[in-house]
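In: Predicted structure and sequence below. I'll ask about it afterward.
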Amino acid sequence: MSARDPDTLQTEPTPQGKQTLIPGVRPVTTRDRLALLADAPARGAEAARYRAAQ
């Protein structure tokens, strides 16, 4: 088994520091994070208004 050059592996910043990703895994982008938030169900007062309107 050969060792990979650490400079060729992708990394992503996290609150815990820079994380090295395994081959085949791409970093989570800001676009990915925003898409998850936009697709999430409404919560709190927004959800109550939505349910009342139905």
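Out: Perfect, I can see it now. Nothing here was measured: the structure is a model prediction, and the numbers come from that model.
In: Just give me how far the strand or helix carrying D32 sits from the chain centre.
Out: Assigned by DSSP states H and E, D32 falls within helix 30-39. Going by CA atoms, centre = their mean, to the nearest Å, the spacing between the C-alpha centre of helix 30-39 and its chain's C-alpha centre is 7 Å.
In: So what touches stretch 21-35?
Out: 4, 9-12 (CB atoms under 8 Å, 6 or more residues apart in numbering). Every C-beta, even on glycine, is put in place using the N, C-alpha and C of the backbone.
In: Just the CA atoms of the helix holding D32, as PDB, please.
Out: The C-alpha trace of helix 30-39 is given here as PDB (Å, rounded to 0.1, in the frame of the first residue of the first chain):
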ATOM      1  CA  THR A  30     -21.300  27.200   1.500                       C
ATOM      2  CA  ARG A  31     -23.700  26.500  -1.400                       C
ATOM      3  CA  ASP A  32     -24.300  23.000   0.100                       C
ATOM      4  CA  ARG A  33     -25.000  24.400   3.500                       C
ATOM      5  CA  LEU A  34     -27.300  27.100   2.300                       C
ATOM      6  CA  ALA A  35     -29.300  24.500   0.200                       C
ATOM      7  CA  LEU A  36     -29.800  22.400   3.300                       C
ATOM      8  CA  LEU A  37     -31.100  25.400   5.200                       C
ATOM      9  CA  ALA A  38     -33.400  26.500   2.300                       C
ATOM     10  CA  ASP A  39     -34.900  22.900   2.000                       C
END
